[in-house]
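Predicted model, plus sequence, below.
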Amino acid sequence: MLSAFKTKLTVPCTVEVSHTFESLHAHVVLPDGINAEPGDEIIVHGSDIRVPYGEVASEERQATIVRATMIERFWVRLTGDLEFMELCEFSFSEKVAA
């Protein structure tokens, strides 16, 4: 939905947190039919979720989705690839001792 004004939508969500050797991540799963678009902001309500090492947890929470305006969405799409490429700048150079 394109809008010139910010809109807010509060929905239930599931927060999945993994703190294992294989994976360290936190994902927010929104209900069916609700998608986050470029430029949108998702605010998950509630206290911090702390998961001990080696465990995975899942909690039900409320989330507020702040939809980006059409100008913000355009800007994110225009500049997003450039910002991603900044993350990809790396070098595998090796100093050779003489």
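On my side now, so go ahead.

part of a helix, is residue 72?
Yes - assessed by DSSP: H, G, I helix; E, B strand; the rest coil, residue 72 belongs to a helix.

Grab the nearest non-local neighbour of it.
residue 39 (4.5 Å; CB to CB, 6 or more residues apart in numbering). C-beta: built from backbone N, CA, C; applies to glycine.

right, and that neighbour touches residue 76 too?
Yes - assessed by CB atoms under 8 Å, residue 39 is found in contact with residue 76 at 4.1 Å.

who's more crowded, those two?
residue 39 (18 against 15; other CB atoms under 10 Å).

Which parts of this structure are helices?
70-87 (DSSP state H).

lowest average confidence, helix or strand, in it?
Ranked by mean pLDDT, DSSP states H and E, the weakest helix or strand in the chain is helix 70-87, scoring a mean of 78.

May I have stretch 32-48 as CSV, with CA atoms only?
Coordinates of each C-alpha in stretch 32-48 appear next as CSV, following Å, rounded to 0.1, in the frame of the first residue of the first chain:
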residue,chain,number,x,y,z
ASP,A,32,-0.3,-14.6,7.5
GLY,A,33,-1.1,-11.8,5.1
ILE,A,34,1.1,-9.2,6.9
ASN,A,35,4.4,-8.5,5.2
ALA,A,36,7.1,-6.1,6.0
GLU,A,37,8.1,-4.0,3.0
PRO,A,38,11.3,-2.0,2.3
GLY,A,39,11.5,1.0,4.7
ASP,A,40,9.0,-0.4,7.2
GLU,A,41,9.9,-0.4,10.9
ILE,A,42,8.8,-3.2,13.2
ILE,A,43,8.8,-2.6,16.9
VAL,A,44,8.4,-5.7,19.1
HIS,A,45,6.9,-4.9,22.5
GLY,A,46,7.8,-6.6,25.8
SER,A,47,10.9,-7.3,27.9
ASP,A,48,14.2,-8.6,26.5
